[in-house]
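Student: this is a predicted model, with the sequence first.
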Amino acid sequence: MATALVGQGFTSHSRSPDTQTQMRKLKIIEHVSLDGVIQNSGENNFPYGDWAAPYRTPAGREAITAAHGERFDLLLGRRTYDLWSGFWPKAPSSPIGDRLNAATKYVATHRPESLEWGPFEAFGPDIVEGARRIKSQDGRNLILSGSSTLTSTLLEHGLADEVLLVVYPVVLGTGKRFVAEGTPARSFELVSTNTTPSGIVFSAYKVAGALKTG
């Protein structure tokens, strides 16, 4: 069953004997095509709409909800924030929608005065320093979705802890990729993999560090 996928979400915060708070964990969750495309909107002349829609099933929705966990905060780029803010506050109540609406949204933006979907906190223009500061604070663990520029930057600087790729059986041939060209090589450790009846493959990884070659 797809719901067996890392359904427990993140482990909770714990404190070491000297009472210092551990850093918040950051998980990247991306819906991708077989060729690594995460874009599913019409911006920048992308020719396809919601290409994931034909493959959605109740089992897949349950797996996504479980992978997020009960309580989390969001780390988002401005484009993803704007897309989501136009949908989730108006969407019917659902387990994942309610959790996204309740999460604090940490948004990389140069226009903090125009943020409306809360609770939110703007950070920038230094993405790396902002992400480090947010991770060092006490609070819920963090999830990043979409936001391809943030994804590559955080992987490059070792700020992501886990990656969940939700892979659909399609090839798109164009669009924004999961990681940008030139992102430094990295290795990952497979934690779990599962599928839904419609052919979506869920693969969860821990970030293992620099690439090792033979």
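Tutor: Received it, and whenever you're ready, just let me know what you need.

Student: torsion angles phi and psi at G209?
Tutor: phi 120, psi -150 (degrees, to the nearest 10).

Student: please apply the same query to D73.
Tutor: phi -120, psi 170.

Student: wait, it touches A103, no?
Tutor: Yes - at 4.9 Å, D73 counts as touching A103 under the criterion of CB atoms under 8 Å. Quick note: C-beta positions are derived from backbone N, CA and C, even for glycine.

Student: what segments of this structure are strands?
Tutor: 26-32, 73-77, 105-108, 120-123, 142-144, 162-167, 186-195, 201-210 (DSSP state E).

Student: how near is N45 to I29?
Tutor: 26 Å (CB to CB, to the nearest Å).

Student: these two: who's more crowded?
Tutor: I29 (18 against 6; other CB atoms under 10 Å).

Student: for that one, give me its contacts.
Tutor: With contact set as CB atoms under 8 Å, 6 or more residues apart in numbering, I29 has these partners: I64, A67, H68, I143, L144, S145, V163, L164, V166.

Student: now with 6 Å, please.
Tutor: I143, S145, L164 (CB atoms under 6 Å, 6 or more residues apart in numbering).

Student: how about W88?
Tutor: Counting by CB under 6 Å, 6+ apart, the residues that W88 touches are G97, L100, N101.

Student: now do A122
Tutor: Contacts of A122 (CB under 6 Å, 6+ apart): V107, T109, P112.

Student: and P112, by the same measure?
Tutor: Counted by CB under 6 Å, 6+ apart, P112 has contacts A122.

Student: again, but for the one 5 residues further on
Tutor: Applying CB under 6 Å, 6+ apart to W117 gives the contacts S85, P89.

Student: where in this protein is the helix or strand with the lowest mean pLDDT?
Tutor: helix 148-156 (a mean of 90; mean pLDDT, DSSP states H and E).

Student: hey, what's the angle from that one to strand 201-210? Just curious.
Tutor: Going by axes from the mean of the first three to the mean of the last three CA atoms, to 10 degrees, helix 148-156 is angled at 50 degrees with respect to strand 201-210.

Student: all set now, cheers.
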